[in-house]
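1. let me see the structure of the following:
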Amino acid sequence: MKMKQLKLTAALLAVTAGLTFTLAAGPTLKVGDPAPRLQTGKWVQGDPVKNFEKGKAYIVEFWATWCPPCRATIPHLNEVYKKFKDKGLIVIGQNVSERDDSLVAPFVKKMGDKMTYRVALDDKTSDGNGKMSQTWMEAAGQDGIPTAFLVDTKGVIAWIGHPMELKEQVIESVLSGKSPASKGAKPN
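-> All right, here's what the predicted structure looks like:
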């Protein structure tokens with residue numbers, strides 16, 4: 001009986017230590033870090049973006065067609081895109097967690113002039129969750145959509161959060177080469 005209790009106690013301690021280590025590790029992608037490379041699947045709309053270009057800023061916004069808050073954010077994100085595209089802002093609507101990827105293109109087409117920025121599917125060839133979901137969302141400890149990442153003109157994460165909370169002043173600052181990431185901005 002005593003041996004059984006010792007084994008159970010040892011097992012519980014091992015599990016607890018593992019959970020503590022996992023929780024302590026926290027997000028590995030945060031404001032001030034270099035942006036992960038883009039590993040998108042098929043581009044549904046707009047010219048593909050293979051790499052972040054110096055001198056351009058990017059909003060990479062994670063969304064899905066089945067997500068009501070994501071759908072509500074699209075017109076706002078489109079307005080931001082239209083306002084800043086001539087100043088060097090590129091917006092990528094990165095579809096993730098989609099139940100059926102074949103629904104995305106018709107959805108984007110139906111949105112018409114309310115969704116004119118670039119849209120990409122996630123690359124699920126080697127991971128069912130998708131490479132972008134893994135290297136961006138999971139790495140940043142983000143588990144809800146919509147979530148946006150603002151990448152500055154040097155390829156550094158300048159802001160992470162809900163797209164409706166991204167202030168135009170932050171975008172203007174990033175476009176002018178003054179990234180909040182260099183000033184210790186909080187992640188969201």
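2. which stretches of the chain form helices?
-> Assigned by DSSP state H, the helices in the chain fall at 2-25, 68-84, 104-111, 131-132, 168-175.
3. comparing those, which gets the lowest mean pLDDT score?
-> Of all the helices of the chain, the minimum mean pLDDT falls on helix 2-25 (a mean of 47).
4. and the gap between Asp86 and Ser97?
-> 32 Å (Cβ to Cβ, to the nearest Å). Heads up, the C-betas are built off the backbone N, CA and C, glycines and all.
5. and the two? Which one has more around it.
-> Ser97 (16 against 7; other Cβ atoms under 10 Å).
6. who are the neighbours in contact with that one?
-> Contact analysis of Ser97 by Cβ atoms under 8 Å, 6 or more residues apart in numbering lists 64, 129-130, 133, 145.
7. ok, it to Lys82 distance?
-> Plainly put, Ser97 is 27 Å away from Lys82 if you go by Cβ to Cβ.
8. how many other residues sit next to the residue lying closest to Lys56 once chain neighbours are set aside?
-> In space, Lys56 comes closest to Gly88 once its chain neighbours are excluded; the distance is 4.7 Å by Cβ to Cβ, 6 or more residues apart in numbering. Using other Cβ under 10 Å, Gly88 has 15 other residues around it.
9. also Lys82?
-> Residue neighbour count, defined by other Cβ under 10 Å, stands at 14 for Lys82.
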